[in-house]
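**Q** Show me how the following folds:
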Amino acid sequence: MAFSKLTLTCVFFYFFHFVQCDQSKPADNHHREHITNENFVIHRDSGDRFLVNFYGEGCARCEEYMADFNRVEETLRDAEIKMFDCNSKMVMQGLSVKRVPSLLYFRYGIPTFFDGVPVAEDIIEWVVDSHEVLTTELHDDTFEHHTQASSGATTGDWMVVFCIKAHADCTILLASLEHVALKLLNKVNAAWIDINHNPELKERFHLKKSTEILYFRHGNKYDYHLPDTEFSNLLAFASGAYQHSRADPVEPPKTPFDKVTEQIAEEIKPIENNQELPRDEPVEREEKEENLEVKVEQDGPQTPFFLIAGVCVSVVLALLFFLFFGRSSGGRQMKKGV
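**A** Now for the predicted structure:
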């Protein structure tokens, strides 16, 4: 049974107000499972809630941080939140984790990162606040309904990330977006779209790159123009820096009628431009010529037969005609002589 935000808050206050911790006890993380390059995707796609503590060998600050992370684990033991450690350089590089210690919190595959003071009290408060996913995944058939981007956006401003979910850079970008959503809660809506599975939106907004960010406000869209996608830049852009980008009117979504007329226009375009229609491939032409030769060969012997038969029938009919009318004429002459 999943714990609610209220339950986590109660656990937090109970632990720090009524449980005495031995601060002199050395940090021990040997009992925790490690995230590796081999098992990361399995855990990410499991749908579980879990925290990952990124640390480096020989990092003194990481050792101090480990003690606080142990206290967090003790506090959240009954909250159905798993705890992992990670010192894999490949995983950190894939997630763009550039410094240690660092902490990521995954919920249903969507991460968010901790940017506060690495002490147990602040970490637990952050876990409570980030318990639910704040960003929204949109699709071809839900985008306009949620954002109302082309009609004036009565649902508010939207910051939307277009990326390929299977890519590692998309995962860390979504973590930053999730943190923006937390910082600007009730001010800016945050959403993301997997462009590999939403071709209509990709075509509608003329997306060329694997990762693009758009800000929608009052029927206009603003392209992300800052040099990188660090959390601080994303937050600054959503907080007002979008105004330094050009405001382009949002194109309304295509109706079924629009799609049909476009398809017809594409089909008749070669005729209007007097373009030569596509010719058959050489192989196809050869096959057609061979089939024609076979047909001629099959039809050849049959033509004389039908011709001769027709002549014979005509001759027979002519003879019958003359015999019949000749006999009739002779009879009439004999009667006149009598």
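**Q** looking at this, Val52 is in a strand?
**A** Yes - counting by DSSP: H, G, I helix; E, B strand; the rest coil, one finds Val52 located in a strand.
**Q** Quick one: neighbours of it, just the number.
**A** Neighbourhood size, Val52 [other CB atoms under 10 Å]: 25. The C-beta positions use only the backbone N, C-alpha and C, and glycine is treated the same way.
**Q** same question, Glu267
**A** For Glu267, using other CB under 10 Å, the count is 9.
**Q** now Glu33
**A** By other CB under 10 Å, 13 other residues sit near Glu33.
**Q** and the nearest residue to it once chain neighbours are set aside, bridged to which residues?
**A** What sits nearest to Glu33 in space, not counting adjacent residues and going by CB to CB, 6 or more residues apart in numbering, is Phe84, at 5.6 Å. Beta-bridge partners for Phe84, by DSSP bridges, are Glu33, Val52.
**Q** Can you give me the distance of Phe84 to Asp48?
**A** 10 Å (CB to CB, to the nearest Å).
**Q** of the two, who's got more company?
**A** Each of Phe84 and Asp48 has its neighbours counted (other CB under 10 Å); Phe84 has more, 20 against 14.
**Q** Poorly predicted segments of the stretch 151-300 of the chain, please.
**A** By pLDDT under 70, the low-scoring segments of the stretch 151-300 of the chain are 153, 270-300.
**Q** for the stretch 1-150 of the chain, same thing?
**A** Ranges of the stretch 1-150 of the chain meeting pLDDT under 70: 1-30.
**Q** where along it do the helices fall?
**A** For the stretch 1-150 of the chain, the helices defined by DSSP state H, counting those that start in this stretch occupy 5-18, 40-44, 60-75, 89-94, 120-129, 143-147.
**Q** Now that we have those, can you turn them into CSV and tack on mean neighbour count and distance to Glu137?
**A** Listed next are the helices of the stretch 1-150 of the chain as CSV, based on neighbours: other CB atoms under 10 Å; distance: least, CB to CB, whole Å:
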stretch, mean neighbour count, distance to Glu137
helix 5-18, 14, 21
helix 40-44, 16, 15
helix 60-75, 18, 28
helix 89-94, 15, 21
helix 120-129, 19, 21
helix 143-147, 17, 10
